[in-house]
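Participant: Give me coordinates for this.
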Amino acid sequence: MTKPHEDPIEESERIAEAARKKRVGLKLLGGAGIHAHSPSARKAPLKRKYGDLDYAISKRDRKRVLELFQELGYEANDRFNLMNGDRRLYFYDAHHGRQVDVFIDVFRMSHAIDLRGRLEHEHPAVSPSDLLLSKLQIYEVNRKDLVDMIALMLDHSVEPNAHEDAIEAAYIARVAAEDWGFYRTLQVNTERLREMLEELEVDRRLVNARLDELWKVIEGAPKPLKWRLRAQLGDRVRWYELPEETRSPYQPE
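Facilitator: Next comes the predicted model:
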């Protein structure tokens, strides 16, 4: 059994190499995933510190992931994993007080992102499109999330269809058209993102242009009747979840 690295990025690279050797489809989410895809996240003014690591896997890899993290020196949250292990797993790095959160098939926070069929690639992180969606769907988005999204938008072009290293506009538009609530949160956070841009010395014109391209496709996508009916209710009814933090049993109160 080996010991986790203190630096989260170095640790994510160690985990990625171990997963690759064992052919486990473990894909990085969150800020560390954006760091893996986007050079702008590795330098000022968008460079930041990272904490816990988040991952996504397909259900078929569940058993192998349990074995992998044990071999890498992590302690499983057995009670949580027993109760929720069909959709989510938790592991704890007792050496550095860090948690690893593994989502199975679906990334679920303020909204749900179905990742089935979207984890079959070589890169150790989920796609730039799924990274952007995973940040844009957080209703209580914070500064770190906005900074991460700006790095993504700086480094990845917006393309109309599937493209491994780009923001897939048609895919994001399809997700937004399936759920008015998801669409509304994307809308709110895009405005927050544009406001944050004004505080940072980055290529604002490029990011705004890419956001404009993305929203042209989102707005142009046909919306089903249930979407249009929900849109009539608007903000009068809450359209997002407020996920609770899950505390590891190894963490102090």
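Participant: Look at residue 55 and give its secondary structure.
Facilitator: Counting by DSSP: H, G, I helix; E, B strand; the rest coil, the backbone at residue 55 sits in strand.
Participant: and it, what does it touch?
Facilitator: 26, 27, 28, 29, 100, 101, 102, 103 (Cβ atoms under 8 Å, 6 or more residues apart in numbering). To be clear about C-beta, it is placed using only N, CA and C from the backbone, and glycine gets the same treatment.
Participant: could you redo these as TSV and give each row secondary structure, neighbour count and pLDDT?
Facilitator: Conversion of those to TSV gives the following (DSSP: H, G, I helix; E, B strand; the rest coil; neighbours: other Cβ atoms under 10 Å; pLDDT from 0 to 100):
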residue	secondary structure	neighbour count	pLDDT
26	coil	23	98
27	strand	29	98
28	strand	25	98
29	coil	23	98
100	strand	24	97
101	strand	19	97
102	strand	25	98
103	strand	22	98
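Participant: Of those residues, just say which sits nearest to residue 5.
Facilitator: residue 100 (12.8 Å; Cβ to Cβ).
Participant: So that closest one sits against residue 74, correct?
Facilitator: Yes - Residue 100 is in contact with residue 74 according to Cβ atoms under 8 Å; the separation is 6.4 Å.
Participant: Pull up the overlap in contacts between these two.
Facilitator: 91, 92, 93.
Participant: Phi and psi next, for residue 167.
Facilitator: The phi and psi values for residue 167, taken as degrees, to the nearest 10, are phi -80, psi 110.
Participant: ok, it - contacts?
Facilitator: 128, 129, 132, 152, 153, 156, 157, 158, 159, 210, 214 are the contacts of residue 167 under Cβ under 8 Å, 6+ apart.
Participant: Please repeat the previous calculation with a cut-off of 10 Å.
Facilitator: When contacts are counted by Cβ atoms under 10 Å, 6 or more residues apart in numbering, residue 167 touches 127-129, 131-133, 152-153, 155-159, 210-211, 213-214, 217.
Participant: Tell me which of those fall in helices.
Facilitator: 128-129, 131-133, 152-153, 155, 210-211, 213-214, 217 (DSSP state H).
Participant: Among these, pick out the one closest to residue 48, please.
Facilitator: residue 152 (13.5 Å).
Participant: Which residue, neighbours along the chain excluded, lies closest to residue 66?
Facilitator: residue 76 (6.5 Å; Cβ to Cβ, 6 or more residues apart in numbering).
Participant: what residue is smack in the middle of the chain?
Facilitator: residue 134 (3.6 Å; Cα atoms, centre = their mean).
Participant: Can you tell me the element the closest residue to residue 85 other than its chain neighbours falls in?
Facilitator: Leaving aside its sequence neighbours, residue 85 sits nearest to residue 62 (Cβ to Cβ, 6+ apart; 6.9 Å). Assigned by DSSP states H and E, residue 62 falls within helix 62-71.
Participant: All set, thanks.
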